[in-house]
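J.: sharing a model that was predicted from the sequence below.
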Amino acid sequence: MFDLQTRRQFLNTTSMGLGASVLGNLTAQAASAGPAPEAKAKRVIFLFMAGAPSQLDLFDYKPGLDKRFKEVLPESVTQGQRVTAMTLGQEKLVAPSMFKFNRHGQSGTQLSELLPHLGGVIDDLALIKSTSTTAINHDPGKTLFCTGTEIPGKASMGAWLSYGLGRMNQNLPDFIVLNSAFWSGDKQNVQGLYSRLWGSGFLPSKHQGVPFQPSGDPVLFLSNPKGVTRQHRHKMLDLVTKLNAEQLDKIGDPEIQTTIAQQEMAFRMQASVPELTDLSGENEIINEKLYGPEVKKSGSFARNCLLARRMAERGVRFIQLFHRGWDHHVGLPDKVRGQAYDVDQPCAGLINDLKQRGMLDDTLIVFAGEFGRTTYCQGKLARDNYGRDHHPKCFTTWMAGGGIKGGITHGETDDYSYNVVKDEVRVRDFNATILHQLGIDHNRLTFPFQGLEQRLTGVNPAFVVKDIIA
């Protein structure tokens, strides 16, 4: 009898399998491309503001707009650029921010009155006011930032880093996701989050992000069923691993190897995760002073920032916090107050906490939403009440720690905060800079899929934002 093999079996049992050819390809690229950039950071904490914060009301100070209240936005500014269907037919009336801005730090950087605590650490931040994106709607915008493309199904940034850099610890996942509860003033216009934002796409599934739950078991099915002891679980795992190993020897499917690794990790996480999420050893008074009163609430952004610090201490490579509720088409002033309250002190607290522990230098913190908000008002306009539509042409992001210069502002927008006029930073440039700080040349981190050498930064040129690097 002939032992018929499938195409996958052949590829995975010939010349040590497809994995060997991928490794050989990466090695060849590294040899031809010269030395990789020096790693300034070991880990990333990505603070993602889902829904898109208004740069005009938080970061991009435009005092000249006060005199242009209710003026029609000039065609010379809009330049026929596309807008969403929500404001397609309406008059574009200028809506200045109602919030005061103040100078902070030795840099004298202007920040909104809504961000007093962030102002206290402004000399640790590099504000990027010239970020832009190609996406004008939430789903593709979030997908682009998290996976490098608006097309669903590609590998997420955390998965790429797990694949490219390997493990930093043996008892926790490389990539953990925390979805935060948010200010409760607006529950009507909140987009969902979806697993592809932390998925592995075409990469082996062991690299995907692991979402933690705010209540009950931090990870689903972490606890053993009633009557099953840890010893029983260990025996079961040994037997299943033996059977999986026999199947792996037969057909060589790399996903079997992934299953074995994930089952072993799950067993170790039964001990490591409860220790990670047990805050009884933390100083509650100090943590409340750092992160704010919301740190006491399970699932809050403040508590998740504290957990992110604990994860960073334990060697988690990529920690992504999602904070929703930033989609302010109407009633922005009231809603943005609540959202800013949620994140202002926790962001500053995280920076200060890492700094006092000597970890900020090798921890890269990044803050972004999927796009910005329009200068013109959506709906009814008053001095103290207005809404803003989606705006991809310019918005503000920031980075701190991990070899980033502090107390600087990169890029400029026009007088209306509508177009970038200096040093544009596209999403792929933003992501290339993150990889660079971790010692990765974005052009060399590739994976063959669908006839292309896939990259987080895509096929178009991407450039590291060198002006913000220390």
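T.: Done, it's in.

J.: show me the helices in the stretch 151-300 of the chain, by range?
T.: In the stretch 151-300 of the chain, the segments counted as helices under DSSP state H, counting those that start in this stretch are 157-165, 230-251, 254-277, 284-291.

J.: just to check, Met98 is in contact with Cys377?
T.: No - applying C-beta atoms under 8 Å as the test, Met98 and Cys377 come out as separate, 11.6 Å apart. All C-beta atoms are positioned from the backbone trio N, CA, C, and that covers glycine.

J.: name the helix or strand of the chain that has the lowest mean pLDDT.
T.: Every helix and strand in the chain was compared by mean pLDDT, DSSP states H and E; the lowest is helix 18-33, with a mean of 42.

J.: now the element after that one, going C-ward?
T.: From helix 18-33 onward toward the C-terminus, using DSSP states H and E, the following helix or strand is strand 43-49.

J.: pull up the pairing partners for that following strand, direction included.
T.: strand 318-323 (parallel), strand 363-368 (parallel) (DSSP bridges).

J.: which residues in the stretch 351-470 of the chain form strands?
T.: Here the stretch 351-470 of the chain has its strands, by DSSP state E, counting those that start in this stretch, at 363-368, 372-377, 388-391, 395-400, 408-410, 412-413, 420-422, 425-426, 447-449, 452-454.

J.: format the strands paired with strand 43-49 as JSON lines; extra columns: mean pLDDT, mean neighbour count and distance to Lys154.
T.: What follows is those, written out as JSON lines (pLDDT from 0 to 100; neighbours: other C-beta atoms under 10 Å; distance: least, C-beta to C-beta, whole Å):
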{"stretch": "strand 318-323", "mean pLDDT": "98", "mean neighbour count": "26", "distance to Lys154": "16"}
{"stretch": "strand 363-368", "mean pLDDT": "98", "mean neighbour count": "24", "distance to Lys154": "18"}
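
J.: number of nearby residues for Gln454?
T.: Burial of Gln454 is recorded as 21 neighbouring residues (other C-beta atoms under 10 Å).

J.: nearest to Ile128, of the strands paired with strand 43-49?
T.: Nearest of these to Ile128, taken as C-beta to C-beta: strand 363-368 at 8.8 Å.

J.: OK, contacts around Gly51?
T.: His138, Asn189, Val190, Gln191, Arg324, Gly325, Trp326, Asp327, His328, Gly369, Glu370 (C-beta atoms under 8 Å, 6 or more residues apart in numbering).

J.: would you agree the first one is in contact with Gln191?
T.: Yes - A contact is recorded between His138 and Gln191 when judged using C-beta under 8 Å, the distance being 4.8 Å.

J.: intersection of neighbour lists for those two?
T.: Counting by C-beta under 8 Å, 6+ apart, the contacts common to His138 and Gln191 are Ala50, Gly51, Asp327.

J.: ok, the last one - how many residues close by?
T.: Here the number of neighbours of Asp327 (other C-beta under 10 Å) works out to 24.

J.: same check on the first one?
T.: Other residues near Ala50 number 25, with proximity taken as other C-beta under 10 Å.

J.: surely it is in contact with Gln191?
T.: Yes - between Ala50 and Gln191 there is a contact at 6.6 Å, judged by C-beta under 8 Å.

J.: hey, what's in contact with both of those two?
T.: In contact with both Ala50 and Gln191: His138, Lys142, Arg324, using C-beta under 8 Å, 6+ apart.

J.: returning to that earlier point: which neighbours do Met98 and Cys377 share?
T.: Tyr386.

J.: let's verify Lys129: helix, strand, or coil?
T.: Following DSSP: H, G, I helix; E, B strand; the rest coil, we place Lys129 in the strand state.

J.: what's near enough to touch it?
T.: By C-beta under 8 Å, 6+ apart, Lys129 lies in contact with Gln55, Phe59, Asp60, Cys394, Thr396, Thr409, His410, Gly411, Glu412, Thr413.

J.: now do 10 Å
T.: Contact analysis of Lys129 by C-beta atoms under 10 Å, 6 or more residues apart in numbering lists 55, 59-61, 372, 394-398, 409-413, 417, 420, 422-423, 425.

J.: in the stretch 151-300 of the chain, which ranges drop under the pLDDT threshold?
T.: Within the stretch 151-300 of the chain, the ranges that satisfy pLDDT under 70 run 184-189, 220-225, 227-239, 260-269, 271.

J.: at 90 what do you get?
T.: For the stretch 151-300 of the chain, residues meeting the criterion pLDDT under 90 lie at 166-167, 169-171, 181-192, 204-206, 213-277.

J.: so which of the strands of the stretch 351-470 of the chain is the most packed in?
T.: strand 372-377 (a mean of 28; mean count of other C-beta atoms under 10 Å).

J.: what mean pLDDT does that strand get?
T.: Averaging pLDDT along strand 372-377 gives 98.

J.: for that strand, name the packing helices and strands.
T.: Here strand 372-377 touches helix 55-58, helix 75-78, strand 125-132, helix 332-356, strand 388-391, strand 395-400, going by 3 or more C-beta pairs under 10 Å, 6 or more residues apart in numbering; DSSP states H and E.

J.: turn the strands paired with strand 43-49 into a markdown table, including distance to Asp344.
T.: A markdown table is the format used below for those (distance: least, C-beta to C-beta, whole Å):
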| stretch | distance to Asp344 |
| --- | --- |
| strand 318-323 | 11 |
| strand 363-368 | 11 |
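
J.: of all those, which one is nearest Asp384?
T.: strand 318-323 (24.8 Å).

J.: wait, Thr133 touches Val420, no?
T.: No - using C-beta atoms under 10 Å, Thr133 makes no contact with Val420, being 11.2 Å away.

J.: need the overlap of contacts for the two.
T.: Common contacts of Thr133 and Val420 (C-beta under 10 Å, 6+ apart): Lys393, Cys394, Phe395, Arg426.

J.: how much space between Arg196 and Glu150?
T.: Between Arg196 and Glu150 the distance, using C-beta to C-beta, to the nearest Å, works out to 12 Å.

J.: what residues are shared contacts of the two?
T.: Asp139, Lys142, Thr143.
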